[in-house]
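S.K.: Mind looking at a prediction? Sequence and model below.
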Amino acid sequence: MKILLKTGSFLGLALTLVPPIVFFVGNLELSLMKGYMGIGMALWFVTAPFWINKPSKSEQF
Amino acid sequence: MSNSFLKKVVGETNEFERTPIPSGSLKGAKSFLGMYAGEHTAGTEFVIGPLFVAHGVSAGDLVFGLLIGNLLAVLSWGLITGPIAASKRLTLYYQLERIAGKNVVRWYNLVNSLMFCFLAGSMIAVSATAVGIPFDLEMPTLSDWLPRTPGWILTVFLMGGVITLVAIQGYTQVSRFANVMSPWMILVFFAAAIVGLAQLGVGSFESLIRIAQEVIWNGVPLAGMSKFTIWHTIFFAWFCNMAMHIGMSDLTILRYAKSWTYGFYSFAGVFLGHFVAWIASGILYSVFLQADSASQEFAPGAIAYKTLGIAGAICVVIAGWTTANPTIYRAGLALQAIFPKVSTWKITASVGVVTSLAACFPALVMKLLDFVALYGLLLMPMGAVIFADFYFSKKMGFQSEAALNSKSVFSIPALLSWVLTLVFCLGLNFIYGVEIFFLGLPGWFVAIAIFVVLSKIKYPLAKSSPLG
């Protein structure tokens, strides 16, 4: 389950950065780029909180 | 509010207001990386970057000034704040009480809390410029001091309420939220720069240089704005967080650090945050000005939404939030020192109300550069006092933590260091015209000198008898 969450999170980050790059090189419309970034944002918000703040063994007391 | 709901909101928080942090409660690097990155990839960045553009900084002055100034800030956190925080493990407020006495610290805490309220208020206002977009809220302009509409007031109060509820939960909740948001926000700033440059016509390295120099940071200030040089950029980047590093406010955060070196993790904030974000937001504002160079509207949320869509607008909301949260937390601790018998959550809630009131006034956003410089300057002398007490008490022959050791509630050396330093800075400004951004450096040395001299007179170390 954690692997799925992390995959979703990194996909979300990818959708935040890659579409602007594709727009920069002229291969994506601005409105579509904004849409992809919005989806990336949603993906990050629904997946990241479930694994980012989980303490590692070194953090546990 | 039912008891069960109240308990859930307030939670069980032990913030160690008057005791050193026990080893079992120390936090690892991840907490600080996330906190610093989140705190400095923030709503302020959506304001400062555009204001640099408005003040006519040239491209070269901006890049080199930010590199140098941010490096100096990291060194300040790492070499000045971190060692003292890890050694004493006390809040700034309690540490100051032990040195300066409770009565001096009451005034310091009041000023500190007020400044933090105003800063947090400006960040709530920044977030409100995004929240108001779907409601077609009338946005503030560069010359606004007062709120324009009741809708603005309602929006900032709603945001302030939610942010305060999170701050009531204490440092752990603040850190958790920043940890989750900061990686995404940093990428949004990168995206803003990339998309903005594309919209400005950048298609090659040569065009990047040309457009940066001729369009974005063209060296010409907007009408009514003063001209900024590389020195303004260096000193603003260094001292925009003066209250936190040489002002020692971050003792309160770094006291949780497992190592004294964690102050250097501020690099995540100032280089990923300030450096990238100020450049990116400057690009966004430049895109905005291309559409209407005469526009006086200054709404970071609307500017980001225009270029990046919903992700940009949400980023502005979150950016303001992740700055307002720790700032409200710090303001709460400052007041806690004045009212130790009042529970922390009530204090934080009161701070939230004052903050939300302050957020109603857009001037806090429009005059942010000056306000940030002023707030750091007002608090810096007490950081100098803590520094001098920690490093020079034995060497220079005066009692460390003199107020505590002499069972006094009032330290003349500390109070006079504060007041006379500010008088000195005011004199530099009024008589010699030294701008507020440059006053912190000479002021810090003056504060240390005054405190050392007066402490040697008032609280000399007793000379030991030659017979032992």
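M.R.: That came through fine.

S.K.: Give me the pLDDT for the residue in chain B that chain A sits nearest to.
M.R.: Relative to chain A, the nearest point of chain B is B:Gly309 (2.9 Å; Cβ to the nearest Cβ). Glycine gets a C-beta too; all of them are placed from N, C-alpha and C. What the model reports for B:Gly309 is a pLDDT of 92.

S.K.: does B:Val215 really touch B:Leu200, like I thought?
M.R.: Yes. B:Val215 is in contact with B:Leu200 according to Cβ atoms under 8 Å; the separation is 6.0 Å.

S.K.: any shared contact partners between these two?
M.R.: Shared contacts of B:Val215 and B:Leu200 (Cβ atoms under 8 Å, 6 or more residues apart in numbering or on different chains): B:Ser286, B:Gln290.

S.K.: before we move on, the earlier item: quickly find the element holding the nearest residue to the residue of chain B closest to chain A once chain neighbours are set aside.
M.R.: Nearest residue to B:Gly309, sequence neighbours excluded (Cβ to Cβ, 6 or more residues apart in numbering or on different chains): A:Lys34, at 2.9 Å. Using DSSP states H and E, A:Lys34 maps to helix A:30-47.

S.K.: tell me what that helix is packed against?
M.R.: Applying 3 or more Cβ pairs under 8 Å, 6 or more residues apart in numbering or on different chains; DSSP states H and E, we find helix A:30-47 packed against helix A:2-24, helix B:171-199, helix B:310-338.

S.K.: which residues touch the closest residue to B:Gly219 other than its chain neighbours?
M.R.: Spatial nearest neighbour of B:Gly219, chain neighbours left out: B:Ser58 (3.9 Å); criterion: Cβ to Cβ, 6+ apart. B:Ser58 makes contact with B:Gln213, B:Trp217, B:Asn218, B:Gly219 under the criterion Cβ under 8 Å, 6+ apart.

S.K.: So what pairs up with the third one in the strands?
M.R.: Note on B:Asn218: beta-bridge partners by DSSP bridges are B:Ser58.

S.K.: Surely it touches B:Gly56?
M.R.: Yes. Taking Cβ under 8 Å as the definition, B:Asn218 is a contact partner of B:Gly56 at 7.3 Å.

S.K.: rewinding a little: tell me which of the helices and strands packed on helix A:30-47 is the most buried.
M.R.: The highest mean neighbour count among the helices and strands packed on helix A:30-47, using mean count of other Cβ atoms under 10 Å in any protein chain shown, belongs to helix B:310-338: a mean of 27.

S.K.: Skip the chain neighbours and tell me the closest residue to B:Phe235.
M.R.: Leaving out its chain neighbours, the residue that sits closest to B:Phe235 by Cβ to Cβ, 6+ apart is B:Phe437, at 4.7 Å.

S.K.: does the one you found count as helix, strand or coil?
M.R.: helix (DSSP: H, G, I helix; E, B strand; the rest coil).

S.K.: Regarding the residue sitting nearest the centre point of chain B, what is its secondary structure?
M.R.: The structure's chain B has its C-alpha centroid closest to B:Asn241; by Cα atoms, centre = their mean the separation is 4.9 Å. Three-state secondary structure (criterion: three-state DSSP) places B:Asn241 in coil.

S.K.: Tell me where the model's unsure across chain A.
M.R.: Applying pLDDT under 70 to chain A flags residues A:54-61.

S.K.: In contact with whichever residue of it sits closest to chain B, which residues?
M.R.: Residue nearest to chain B within chain A: A:Lys34 (2.9 Å; Cβ to the nearest Cβ). Shown in contact with A:Lys34 (Cβ under 8 Å, 6+ apart): B:Leu308, B:Gly309, B:Ile310, B:Ala311.

S.K.: So for the third one, what's the nearest residue that isn't a sequence neighbour?
M.R.: If I follow you right, that is B:Ile310. The nearest residue in space to B:Ile310 (Cβ to Cβ, 6+ apart) is A:Gly38, at 4.6 Å.

S.K.: need the residues of chain A near chain B, please.
M.R.: Counting by Cβ under 8 Å from any Cβ of the partner chain, the residues of chain A close to chain B are A:12-13, A:16-17, A:19-21, A:23-24, A:30-31, A:33-35, A:37-38, A:40-41, A:44, A:48-49, A:52-53, A:56, A:58-59, A:61.

S.K.: mind listing what's buried in stretch B:207-218?
M.R.: Under the neighbour-count criterion of 16 or more other Cβ atoms under 10 Å in any protein chain shown, stretch B:207-218 has B:Leu208, B:Ile211, B:Ala212, B:Val215, B:Ile216, B:Trp217, B:Asn218 buried.

S.K.: Just the ones of these in helices?
M.R.: Residues of the buried residues of stretch B:207-218 located in helices (DSSP state H): B:Leu208, B:Ile211.
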